[in-house]
Structure formats: structure tokens, C-alpha cells
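In: Pasting the sequence and the predicted coordinates here, then a few questions.
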Amino acid sequence: MTIFLILGAAAGFYMLWLLFRLASLALPVCVATGTGFALLRHEFGYPAAILAAFGAGIATLLIGQLLVAFTRSPLLRLAIALLFAVPAAFAGYQAAHSLGSLATNSSSVLAILGSIAAFATSASAWQSVMGGSDHNNANSADGRSLSSNPHPGGAIISD
């Protein structure tokens, strides 16, 4: 019986993690579902609609990441990242508020819980779009410039 409680708790936490990971990808998921339903409305088959929706969602995320990576203007990079972070914050707030309402009726607790989730999911969306594209820091982790390392591929083997 105890093992079922442990497995149930693990499954519950995994479902919560999936829910908030999906919320952090709110813009690509919205584009994907919109594309899929639009294709179904125009009498395309289910396989075509699912594949096109999957491709549209991935393309949205990749285009956002590429735009952030190759755009030099900090203001434009901020606008692109906010385009992904704001829907994620809304989706995270709604998810936490809905799940929290199963446990309590206190509106202040629900607002605090939703705000924390909104911040966390928007930060996750920000990281998924901005991840690894820091053009301002050209230094490696130990503070040396990458261009000053004469052997960037690895260490020299001495005899």
C-alpha cells in the first residue's frame, strides 16, 4: 500500500512538472493547436493536421530562438523574449490558480500561488528562448577569453 502512495505522489509531481513545462511553452503550443484546428476545419485529415501542428509549434520556438540569437538590438531581443514570456506567465497563473482552487477557496492564497507560478513559468519561457545566446559575454567560465586560448579544442599532451 505504501508503494502505491509513493508511486502516486511521484506520478502527481511528474504531471505537475509536465503541466508547467507546457505552460512555459504557451506561445508555440497555441500556434500548434491553432494550426491543427485550422487544418481540420478546412477538411485536411487528422494525420496531416497533427504533423503540421507539430511542425508549426517547433518552428515557432526555433524561429524565436534564432531571432534572439542573431538580433543585435537589445530592445528587439527583449520584445521577442517578452512575446514568449507573457503568454507563459498567463498560462502558469491560470494553471496554478485552477489547481490551487481544488485545495482552498481563499482568493489571496490563490493570487499568491498564481503569481509565483506565473513568475516561474515566464522565467522558464524566457530561458527557453534566450538560452545560450548571450552575445554580451564573450568570456569562458574561468574568465579567460576564448580567443586567448591557443588550444581551444583540448589540452596539450606533453611527453
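Out: On my side now, so go ahead. What you are looking at is a predicted structure, and each value in this text was computed from that prediction instead of being measured.
In: From here on, just use CA atoms for contacts and neighbour counts.
Out: OK.
In: On the three-state scheme, Ala48 is what?
Out: The three-state label given to Ala48 by DSSP: H, G, I helix; E, B strand; the rest coil is helix.
In: ok, how many other residues are close to it?
Out: Using other C-alpha atoms under 10 Å, Ala48 has 13 other residues around it.
In: for Ser24, same thing?
Out: 30.
In: next one: Pro74
Out: Around Pro74 there are 10 residues (other C-alpha under 10 Å).
In: Gly114 versus that one, what's the distance?
Out: To Gly114, Pro74 is 29 Å away according to C-alpha to C-alpha, to the nearest Å.
In: Same check on Ser107?
Out: Ser107 is 10 Å from Gly114, by C-alpha to C-alpha.
In: between those two, which one's more packed in?
Out: Between Ser107 and Gly114, counted using other C-alpha under 10 Å, Gly114 has the larger neighbour count: 24 against 12.
In: So which elements touch the host helix or strand of the more buried one?
Out: Gly114 belongs to helix 107-130 when assigned by DSSP states H and E. Here helix 107-130 touches helix 2-24, helix 46-70, helix 74-100, going by 3 or more C-alpha pairs under 8 Å, 6 or more residues apart in numbering; DSSP states H and E.
In: Please tell me how far the first one is from the chain's geometric centre.
Out: Just to be clear, that refers to helix 2-24. Mean-position distance between helix 2-24 and its chain equals 18 Å (C-alpha atoms, centre = their mean, to the nearest Å).
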